[in-house]
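Engineer: the following comprises the amino acid sequence and a computationally predicted model.
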Amino acid sequence: AGRAAGRRAFLLTPPVRRRWVFRVRGLWRLVGGAALVCVATFLLLPLGGLIYKAGWRAVREGEGWQRGWQLTKFLHVMAESPGDFARELANTTMAALSATLLALAVAVPLAWLAVGADRRRWMSTAGRGATWLVVALWALPGPVIGVLVILLLNRPGVPGFVYLYDRTLAGPVLALVARILPLVVVIVWAGLRTVPMATLEAAELAGAGWWTRLLRVALPQRRFALMVAAAVGLAAASGELAAVSLVVPPGHELVSTHLLNLLHYGIEDRVAGLAVWLYAWFAGLSLIITAVLARRLFRLQ
């Protein structure tokens with residue numbers, strides 16, 4: 001199945017497909033209500049659990065304990081969370097932004113190789129190699145990526161590598177790049193693949209080389225795909241745990257690894273408070289991506 005799908009990835013032009021139209025007719029209220037219930041269940045139920053846990057308080061009264069949810073406790077936890085986790089939030093933002101930019105820088109040439117793979121024999125070989133690289137990274141478990149990063153950077157005999165491994169965010173950034181690169185490549189490839197072939201052939205006849213066609217012809221027409229790829233990569237990098245848990249150096253803890261430590265020690269109210277802020281962050285990213293997609297689709301129609 002993967003081989004067949006890979007062959008379709010090297011078509012010169014995107015296949016012509018008929019638009020699917022779902023006619024709900026009189027059942028639109030039932031279908032819409034079911035969709036609303038599903039969305040509310042998957043989004044509001046976890047949020048309600050986090051809010052409840054952040055405001056849960058046990059107070060000793062005499063010989064017993066009084067337990068219950070308090071609004072003052074919830075507001076106190078929510079107000080303190082940004083300050084208590086400021087360093088972790090800053091490290092996560094820096095690592096996620098760096099990984100997203102590096103992933104975009106690598107994904108654009110890889111996706112362009114896959115788009116033009118059938119035009120020449122050497123391009124075909126390079127394009128297939130890029131595809132297998134992305135598939136391999138997608139299949140690797142997160143801890144394996146962390147071990148590979150350790151093998152790469154933990155080399156005392158190479159000047160500067162130990163400093164990068166022990167004192168900087170180089171290890172987490174490399175692990176995040178390997179983790180989000182497949183997502184970014186797929187989105188960028190889907191955008192570049194829709195560039196009209198006639199435009200690229202005209203630029204090639206005018207003397208434009210491989211990089212010129214990419215940078216001056218294809219990318220300016222597909223800035224939208226780059227924006228979506230950057231937003232998705234940033235969201236995925238911000239919440240990654242498995243790939244970075246082994247390579248985070250002391251003093252440079254990320255939000256995901258810090259949450260894991262707090263859960264290990266049973267500090268659930270602080271975990272819930274920070275999780276509510278993260279919930280709002282990811283919801284904001286999702287709304288931005290959805291709004292951009294909706295605006296783009298409205299323009300196309």
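Structural biologist: Received the coordinates, thanks.
Engineer: can we go C-alpha only for contacts and neighbour counts from here?
Structural biologist: OK.
Engineer: tell me the SS of Arg57?
Structural biologist: Recorded secondary structure, Arg57: strand (DSSP: H, G, I helix; E, B strand; the rest coil).
Engineer: shouldn't it be in contact with Lys73?
Structural biologist: Yes: with contact defined as CA atoms under 8 Å, Arg57 counts as touching Lys73 (7.2 Å).
Engineer: quick one, strands of this structure?
Structural biologist: 56-61, 64-69 (DSSP state E).
Engineer: what's the local residue count around Leu263?
Structural biologist: Per other CA atoms under 10 Å, the neighbour tally for Leu263 reads 15.
Engineer: now it: closest residue in space, sequence neighbours ignored.
Structural biologist: Once flanking residues are discounted, Leu263 sits nearest to Val271: 7.0 Å by CA to CA, 6 or more residues apart in numbering.
Engineer: ok, now how distant is that neighbour from Thr194?
Structural biologist: As judged by CA to CA, to the nearest Å, Val271 and Thr194 stand 44 Å apart.
Engineer: repeat for Trp28
Structural biologist: Counting by CA to CA - Trp28 and Thr194 are separated by 33 Å.
Engineer: so those two - more neighbours on which side?
Structural biologist: Higher neighbour count among Trp28 and Thr194: Thr194, with 16 against 11, using other CA under 10 Å.
Engineer: pLDDT value on that one, please?
Structural biologist: pLDDT for Thr194: 83.
Engineer: quick one: low-confidence ranges for this protein?
Structural biologist: 1-20, 22, 24-26, 58-66, 116-127, 296-301 (pLDDT under 70).
Engineer: and the longest helix for it?
Structural biologist: helix 268-300 (DSSP state H).
Engineer: tell me what that one is packed against?
Structural biologist: Helix 268-300 is packed against helix 28-54, helix 71-84, helix 223-238, helix 255-264, with contacts defined by 3 or more CA pairs under 8 Å, 6 or more residues apart in numbering; DSSP states H and E.
Engineer: the shortest one: which residues count as buried?
Structural biologist: Spelled out, that is helix 255-264. For helix 255-264, the neighbour count (16 or more other CA atoms under 10 Å) marks Val255, Ser256, Thr257, His258, Leu259 as buried.
Engineer: just the angle between that helix and helix 223-238, please?
Structural biologist: Angle, helix 255-264 to helix 223-238, by axes from the mean of the first three to the mean of the last three CA atoms, to 10 degrees: 30 degrees.
Engineer: and helix 255-264, what does it pack against?
Structural biologist: Right, helix 255-264 is packed against helix 86-115, helix 268-300 by 3+ CA pairs under 8 Å, 6+ apart.
Engineer: for Gly32, find the nearest of these.
Structural biologist: In terms of CA to CA, the element of the helices and strands packed on helix 255-264 nearest to Gly32 is helix 268-300, at 18.3 Å.
Engineer: that closest one to helix 86-115, inter-axis angle?
Structural biologist: 30 degrees.
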